[in-house]
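K.L.:
Okay, predicted coordinates and the sequence, questions at the end:
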Amino acid sequence: MAFVDMGIAGFGLSFGRNESVAATVGDYVSDPERVLKLGCHTYHRADEDVHATDLAAAAAEEVLAELSVTPDQIDLVVLAMSEMPEYQHYDSAAALARMLKIERTQTLLLNEGCGSGLTGLYYVASSMAMQPEIQTALFVAVNRVGEFHRNRMNVNNSVHSDGAVATLVQRGHGSYKWLATEQFTDPKYCDMFRTDFGGTRFPLPPEGGSGLNTPSGYEKVHEHFGRDPKRLRKFLDERIDRIHEVIDRACKRAGLTRDDIDHVLYINDSAPGIAAIADPLGIPAERTNAAISPFHGHMGAADQLVSLALKKRQDELKPGEIVALCGMSTGMHWCATLIQV
């Protein structure tokens, strides 16, 4: 039983333009076959003048219009981001509220990488638990790759993509109910996917450098484990075990077991990567995001909620079913959120 009775009343989506991986991979990496083997054939790339808050606002405007909700009816705005912001020393959640003309309302900015798209619903629930006056919250997760800072095809085993998903969360809403969120952090891995310039330690990139030609996250992972395949394999197995652990923790908090789970939505990974999470739970591929991932690429914090929205629109979810949204992010954080359709 959830501590807070709240559900997702609607979703809004916004994506950059569709791009072919095969047609553009040579612009990003010198080893195209490695990327093509991941199985992603389409990703979204925002125009240069379209930034994270633009994508977030477009997704939010869609759901607000669909549900005929006006800005003055929003009691809380939460924005989860997983890439560089438009400006340093900038509150993108406040900027989103301004774009939507939401005034004198609480805002919260989350930037824990990919995991913040899962933990955001927990922070909405926490706010509702502490403040009974909060009836309606807007939670948006967005990813917009800053290509000066990061190479979208060389961060990890994913093609990074630009997109946003907005959810309108209402107290007492009877479907897409939040049941529980669990998360934990193993800080010894906190350096693995960092960007080494742009902060106070190294404000500028190496001379003549940018995200396209600085060491990749893919390489940094191998360096972290001393290029020892046994150490890397141990981490990869540990990663999967911890996803299952955090799902089990969420189930226990909700009074469920993993046998109660009907769907698993992981980050937009390769089909084998998603199967490694779903198969031990007895979840077939059609009840995962395996068919969605190749068309969208990895949208950071937005992946799981985008998949949930698309499965809802495709009528693939039945009332009462339990959906486990799960993943991990830089930090390293392991996270899971349970939703009951």
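P.N.:
Arrived safely.
K.L.:
list the contacts for the residue nearest the centre of the chain?
P.N.:
Computing the C-alpha centroid of the chain and ranking residues by Cα atoms, centre = their mean puts Ala301 first, at 1.9 Å. By Cβ atoms under 8 Å, 6 or more residues apart in numbering, the contact set of Ala301 is 80-82, 110, 113-117, 120, 141-143, 329. The way it works is simple: take the backbone N, C-alpha and C, and place the C-beta from them, glycine included.
K.L.:
quick one: least confident of those?
P.N.:
Ranked by pLDDT, these bottom out at Gly113, which scores 87.
K.L.:
Report the beta-bridge partner residues of the closest residue in space to that residue that isn't next to it in sequence.
P.N.:
Nearest residue to Gly113 in three dimensions, chain neighbours excluded: Ser329, at 3.5 Å (Cβ to Cβ, 6 or more residues apart in numbering). Residues in a beta bridge with Ser329, per DSSP bridges, are His333.
K.L.:
For Ser329, give me its contacts.
P.N.:
By Cβ under 8 Å, 6+ apart, Ser329 lies in contact with 82, 112-116, 301, 335.
K.L.:
Low-confidence regions, the stretch 201-341 of the chain specifically.
P.N.:
Across the stretch 201-341 of the chain, the stretches falling below the confidence threshold (pLDDT under 70) are 208, 211-218, 222.
K.L.:
what about the strands in it?
P.N.:
263-265, 322-329, 333-340 (DSSP state E, counting those that start in this stretch).
K.L.:
do the stretch 1-150 of the chain as well
P.N.:
Using DSSP E, counting those that start in this stretch, the strands of the stretch 1-150 of the chain run over 6-15, 17-20, 42-45, 76-81, 106-110, 136-143.
K.L.:
So what angle separates the directions of the first one and strand 136-143?
P.N.:
Spelled out, that is strand 6-15. Orientation check (axes from the mean of the first three to the mean of the last three Cα atoms, to 10 degrees): strand 6-15 against strand 136-143 gives 40 degrees.
K.L.:
quick check, distance from strand 6-15 to the centre of its chain.
P.N.:
Counting by Cα atoms, centre = their mean, to the nearest Å, strand 6-15 is centred 14 Å from the centre of its parent chain.
K.L.:
Now restrict the contacts of Ser329 to buried residues only.
P.N.:
The neighbour-count test (16 or more other Cβ atoms under 10 Å) applied to those identifies 82, 112-116, 301, 335 as buried.
K.L.:
In a markdown table: those residues, plus distance to Leu100.
P.N.:
Conversion of these to a markdown table gives the following (distance: Cβ to Cβ, whole Å):
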| residue | distance to Leu100 |
| --- | --- |
| Ser82 | 21 |
| Glu112 | 23 |
| Gly113 | 24 |
| Cys114 | 24 |
| Gly115 | 25 |
| Ser116 | 20 |
| Ala301 | 19 |
| Cys335 | 26 |
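K.L.:
So which of those residues belong to helices?
P.N.:
For the buried ones among the contacts of Ser329, membership in helices holds for Ser116, with DSSP state H as the criterion.
K.L.:
from the buried ones among the contacts of Ser329, which is closest to Asp259?
P.N.:
Of all these, the one sitting nearest Asp259 is Cys335; the distance, using Cβ to Cβ, is 21.0 Å.
K.L.:
Wait, that closest one touches Gly327, no?
P.N.:
Yes. Cys335 is in contact with Gly327 according to Cβ atoms under 8 Å; the separation is 6.0 Å.
K.L.:
Name the residues contacting each of those two.
P.N.:
When contacts are counted by Cβ under 8 Å, 6+ apart, Cys335 and Gly327 are jointly contacted by 115, 118.
K.L.:
same question for stretch 19-35, mean pLDDT?
P.N.:
This predicted structure assigns stretch 19-35 an average pLDDT of 95.
K.L.:
still on that earlier bit, which residue is the nearest non-sequential neighbour of the residue nearest to the centre of the chain?
P.N.:
The shortest distance from Ala301 to any non-neighbouring residue, by Cβ to Cβ, 6+ apart, is to Gly117 (3.5 Å).
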